[in-house]
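> Okay, sequence plus prediction incoming.
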Amino acid sequence: MVQIDNISAFRSDLQVLFNISCLLRRSTINFFIGKSGAGKTTFLKVVAGLLPSFNGHIFLDNGLEITHVTAHERAKIVGYVFQDFNLFPHLTVLENCIDPLLIRGISQKVATAQAVSFLQQFELIEYIDQYPRMLSGGQKQRVAIARALCLKPELLLLDEPTASLDPINTDILVSLLYQLMQSGLTIGVSSQDMAFVKMFHAMIYFFQKGHIIEQCDHFDHGCDCVNINNFLKNRLRENK
Amino acid sequence: MGYFVIIITYFPLLMQGLLTTLLAWILSACLSIIFGGLFGFLTSHYCKNNFLKKILGIYIFIVKGIPGYVQILIFYYGIPSLFMINISAFYAATFALTICSSGYVAEIIRAGFNAVDYGQWEASCVLGYSLRQAFQRIIIPQMLVISMPALCGEIEQLLKSTSLLATIGVMELTRAGFNIISRELTPGLVYFFIAAIYLLFSFILKRVGLFLEKRISGGTNR
């Protein structure tokens, strides 16, 4: 469980998040939806420790506050998958996954075993010695997820994961996220893809201009939240 | 036949000149890579200090905008006469070349750093890399792959610029050639011989550069 309390964030003196609070329970998936520029990515970056200028608190369920722990510490708690993946282009798929372990002093053997087990689960084992540029978008994303999971985080954040995926890779991603949820991971996803969101029984937070203005936990069974439903309608119309 | 006798007779002098040339080259190359690399990093998007960026921008503009020859004259004649100090011709000229080249190296390194997406740094951060680890393992290797060809070109340019040292009386390779010719009054093959030596070292540098490029890029082939 991750408890996020009253987060306000600033980008060069401009306030972009206003008192965001939410509770991300263990083994659940949580969606942060809203138009581009609503603050979803900024919010994820604050939780991942990428934005230094913010107020508020982030707690784990054992009461541990991780608001201001070092990047080194936080990497073990929060995994982050970027919208454009940001794999390291000069390292192979396997090296991408084990390098973050090697810098922690974990032996090559242990790190490789750990990475291989994830890459096997994600059906990437035959690409293990390839460089990221040789992979498709969906494969790159799965490598990025594997890389994040190798550090055994409690919370996995994904920024717009379906933005560059075709329907088949989206289906693979959905089943993958279900597997990860069942294994006890807490997942946070920013997305505008309402068809994707609808595939989960999830907690949904609706962002507008840096505020959470609505939240809903039964969206997949039909909810009566005005803003979320309007957003859904607009999205579906745009897609047609 | 007479030309070859001249070259053989003056071979020790030519080699001494070559040694001075190489010394000036290696010294100014190392220093300009150190300073240029630092300035390049500080002006890239990985450094957020805008004040420093502005200062370095002015520095780079100035040293790139003045001919290398004029900079050598400034360091050998201008500054010593203003401050009543004495600098040897060799050090004044080598320092001037370093300053001049550091501006170009800074631009090359800055472009290299800027070509490595900022997302690489963010990815390193969320994976728990320290600042040093991120640069050592992720950002600098990628930057070098991008910058290496241009950097080798600049170092080669620097080798050729060392012939400017002749103008203030440093007995380097070109100057040694002058002296031989003024004694024997026969330009003939001497200049060709000197040109061949410069070419030889350009060639060696090129091979080293290609080797390093291959080594650094590994299998990425970007």
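Perfect, thanks for sending it.
> Tell me where chain B has helices.
Secondary structure of chain B (DSSP state H): helices located at B:2-9, B:11-42, B:50-65, B:68-73, B:79-83, B:89-115, B:118-126, B:131-133, B:140-161, B:173-184, B:188-217.
> packing partners for the first one?
For helix B:2-9, the packing partners by 3 or more CB pairs under 8 Å, 6 or more residues apart in numbering or on different chains; DSSP states H and E come out as helix B:188-217. For every residue, glycine as well, the C-beta is placed using N, CA and C.
> In the longest helix seen in chain A, which residues are buried?
Selection of the longest helix in chain A by residue count, based on DSSP H, yields helix A:167-182. Residues of helix A:167-182 classed as buried by neighbour count (16 or more other CB atoms under 10 Å in any protein chain shown): A:169-170, A:172-173, A:176-177, A:180-181.
> related to what we said a few turns ago, could you dump the helices of chain B to JSON lines with mean pLDDT?
Shown next, in JSON lines, are the helices of chain B (pLDDT from 0 to 100):
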{"stretch": "helix B:2-9", "mean pLDDT": "77"}
{"stretch": "helix B:11-42", "mean pLDDT": "93"}
{"stretch": "helix B:50-65", "mean pLDDT": "93"}
{"stretch": "helix B:68-73", "mean pLDDT": "92"}
{"stretch": "helix B:79-83", "mean pLDDT": "87"}
{"stretch": "helix B:89-115", "mean pLDDT": "94"}
{"stretch": "helix B:118-126", "mean pLDDT": "93"}
{"stretch": "helix B:131-133", "mean pLDDT": "91"}
{"stretch": "helix B:140-161", "mean pLDDT": "92"}
{"stretch": "helix B:173-184", "mean pLDDT": "86"}
{"stretch": "helix B:188-217", "mean pLDDT": "87"}
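> how about stretch A:152-159, does it reach chain B?
No - using CB under 8 Å from any CB of the partner chain, stretch A:152-159 stays clear of chain B, with a minimum separation of 8.7 Å.
> my bad, should have said stretch A:103-121
Yes - for stretch A:103-121, a contact with chain B is found by CB under 8 Å from any CB, at A:103-104.
> Do me a favour and average the pLDDT over that stretch.
Across stretch A:103-121, the average pLDDT comes to 91.
> Count the neighbours of the closest residue to chain A within chain B for me.
Closest to chain A within chain B is residue B:128: 2.9 Å, counting by CB to the nearest CB. By the criterion of other CB atoms under 10 Å in any protein chain shown, residue B:128 has 22 neighbours.
> can you pull the contacts of it?
When contacts are counted by CB atoms under 8 Å, 6 or more residues apart in numbering or on different chains, residue B:128 touches A:71-76, A:100, A:103-104, A:151.
> so which of the helices of chain B comes closest to residue A:43?
Closest to residue A:43 of the helices of chain B is helix B:118-126 (CB to CB; 14.6 Å).
> which helices and strands does that closest one pack with?
Taking 3+ CB pairs under 8 Å, 6+ apart as the contact cut, helix B:118-126 packs with helix A:71-74, strand A:78-81.
> picking up where we left off before, tabulate the helices of chain B (TSV), appending distance to residue A:145 and mean neighbour count.
Formatted as TSV, those follow (distance: least, CB to CB, whole Å; neighbours: other CB atoms under 10 Å in any protein chain shown):
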stretch	distance to residue A:145	mean neighbour count
helix B:2-9	68	13
helix B:11-42	32	19
helix B:50-65	36	14
helix B:68-73	53	18
helix B:79-83	59	11
helix B:89-115	27	23
helix B:118-126	13	20
helix B:131-133	22	13
helix B:140-161	22	19
helix B:173-184	59	19
helix B:188-217	27	14
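> Could you list the buried residues of the helix or strand hosting residue A:228?
Using DSSP states H and E, residue A:228 sits within helix A:226-239. By neighbour count on 16+ other CB under 10 Å, the buried set for helix A:226-239 is A:228-229, A:231-232, A:235.
> quick one: contacts of the longest helix of chain A?
A:27-29, A:121-122, A:136-138, A:141-142, A:145, A:149, A:156, A:161-162, A:165, A:187, A:189, A:196, A:199-200.
> Can you tell me what sits against whichever helix or strand comes after that helix?
Sequence-wise, the next helix or strand downstream of helix A:167-182 (DSSP H and E) is strand A:186-191. With CB under 8 Å, 6+ apart as the test, strand A:186-191 has contacts from A:1-2, A:24-33, A:40-41, A:43-44, A:47, A:154-162, A:177, A:180-181, A:197.
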